[in-house]
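A.B. asks: Sequence unavailable; structure follows:
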């Protein structure tokens, strides 16, 4: 039987170990540092996973509820109070999920890729979707029901209404063709950094389609990249949903997640037809003119950057995306690399 952390400080000291244990991740990149999130004009940033390895939590919605939980440990509280505890713990799991990565990698390796809309969307969507669905595992691993009875009996808050439903929908559709449980699809993406989430999803899809058996080995990487880019494109539009009401964001986000899967399947069909007709993949000339179609050029540039490309756009200024706290209208960060991944609290 587990022994729960005896204090708030012990809980913080064990937060990353529990996340690694329940996800099966290779390691956490948390450096042991904790601090408060930055204040913004509109909304609240619940948590931030900084690129330097630190985690930041909002005092009102995360730190204080968890400290209060330990001040009254073992005592049954009213449902609203227990719900505040659970929501705080979900933020802790969310930020610690951001810190997970595969062997030989760091979450900070993905800092540049995270500036691209489809990469940021899948990172935040998967992190929130998995953390929300598996919070009870985290509570059990830390044995926190002994500290706050009823933690698993209340329904917590899900953040990122424009990102999480898309991740759930994508995982569900991938599960349908691969036989891999949708929660396992999310878990496999959750344990790698932001730059590796799309490759993980694409690998499951392309293996299920048998591309590795029909595409010439020398062209398999090219085929895989085509499928990945096709699925990424719809996710690049998710950030545009932030002006909608939360329920509208969730509904459209789920549709976009399904559209991303369909786009990948369409590309797989095209690849199979090419191979069947010509014996291999045919080179594609698809140079997009920034002067005649700047929006399409920007999307193409973002997708190229997500794949590690660095070629600048011609004829149009390519600005780096500036991530902000999701689920809330928050002040924009200065241009340049983000200091971390923010989890925002707003109307949802």
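C.D. replies: Ah, there it is. As the structure is a computational prediction, the values presented were derived from the model and not from experiment.
A.B. asks: Please make it C-alpha for all contacts and neighbour counts, starting now.
C.D. replies: OK.
A.B. asks: if you skip the residues just before and after it, what's nearest to residue 47?
C.D. replies: Nearest non-adjacent residue to residue 47, counting by CA to CA, 6 or more residues apart in numbering: residue 57, 4.4 Å away.
A.B. asks: what's the answer for residue 156, then?
C.D. replies: The spatially closest residue to residue 156, leaving aside those adjacent along the chain, is residue 87, at 5.6 Å (CA to CA, 6+ apart).
A.B. asks: okay, now residue 282: neighbour count?
C.D. replies: Using other CA atoms under 10 Å, residue 282 has 11 other residues around it.
A.B. asks: Pretty sure residue 136 sits against residue 152.
C.D. replies: Yes. With contact defined as CA atoms under 8 Å, residue 136 counts as touching residue 152 (6.2 Å).
A.B. asks: For residue 217, give me the pLDDT.
C.D. replies: We have a pLDDT of 96 for residue 217.
A.B. asks: Any regions of this structure where pLDDT drops low?
C.D. replies: Within the chain, the stretches with pLDDT under 70 are 1, 284-348.
A.B. asks: As a check, name the ranges of all strands in it.
C.D. replies: In chain order, the chain shows strands spanning 27-28, 34-36, 44-50, 55-57, 100-101, 340-345, with DSSP state E as the criterion.
A.B. asks: So for residue 253, what's the nearest residue that isn't a sequence neighbour?
C.D. replies: Leaving aside its chain neighbours, residue 253 sits nearest to residue 166 (4.8 Å; criterion: CA to CA, 6+ apart).
A.B. asks: Provide a list of residues in contact with the one you found.
C.D. replies: 125, 235, 253-258 (CA atoms under 8 Å, 6 or more residues apart in numbering).
A.B. asks: And residue 264, how far from residue 271?
C.D. replies: 11 Å (CA to CA, to the nearest Å).
A.B. asks: picking that back up, distance check, the residue nearest to residue 253 against residue 86.
C.D. replies: Taken as CA to CA, the span from residue 166 to residue 86 is 23 Å.
A.B. asks: Excluding residues flanking it in the chain, which one is nearest residue 158?
C.D. replies: Closest residue in space to residue 158, ignoring its immediate chain neighbours: residue 132 at 6.4 Å, by CA to CA, 6+ apart.
A.B. asks: actually residue 238, not the one I wrote
C.D. replies: residue 162 (6.0 Å).
A.B. asks: how much space between the one you found and residue 246?
C.D. replies: 8 Å.
A.B. asks: With residue 278 instead?
C.D. replies: Taking CA to CA, one finds residue 278 at 48 Å from residue 246.
A.B. asks: Comparing these two, which residue is more hemmed in?
C.D. replies: residue 246 (20 against 9).
A.B. asks: Tell me where this protein has helices.
C.D. replies: Secondary structure of the chain (DSSP state H): helices located at 8-23, 64-71, 79-98, 117-133, 135-142, 164-178, 182-190, 194-209, 211-214, 220-235, 246-278, 294-306.
A.B. asks: so which of those comes closest to residue 157?
C.D. replies: helix 79-98 (6.2 Å; CA to CA).
A.B. asks: And the contacts of the closest one?
C.D. replies: Counting by CA under 8 Å, 6+ apart, 15-16, 19, 28, 30, 46-49, 55, 57, 61-63, 65-66, 69, 107, 123, 127-128, 131-132, 135, 138, 148, 150-151, 154-157, 190-191, 193, 341, 343 sit against helix 79-98.
A.B. asks: Kindly report the same for stretch 183-199.
C.D. replies: So stretch 183-199 is contacted by 23-26, 97-102, 105-110, 113-114, 119-120, 122-123, 126-127, 129-130, 167-168, 171, 174-175, 200-201, 228, 232, 306 (CA under 8 Å, 6+ apart).
A.B. asks: how about it: buried residues?
C.D. replies: The neighbour-count check on stretch 183-199 (16 or more other CA atoms under 10 Å) flags 183, 185-199 as buried.
A.B. asks: Now for those: which two are most distant?
C.D. replies: Of all pairs in the buried residues of stretch 183-199, the most separated under CA to CA is 183 and 195 at 19.9 Å.
A.B. asks: List just the one of the helices of the chain that sits closest to residue 37.
C.D. replies: helix 79-98 (11.9 Å).
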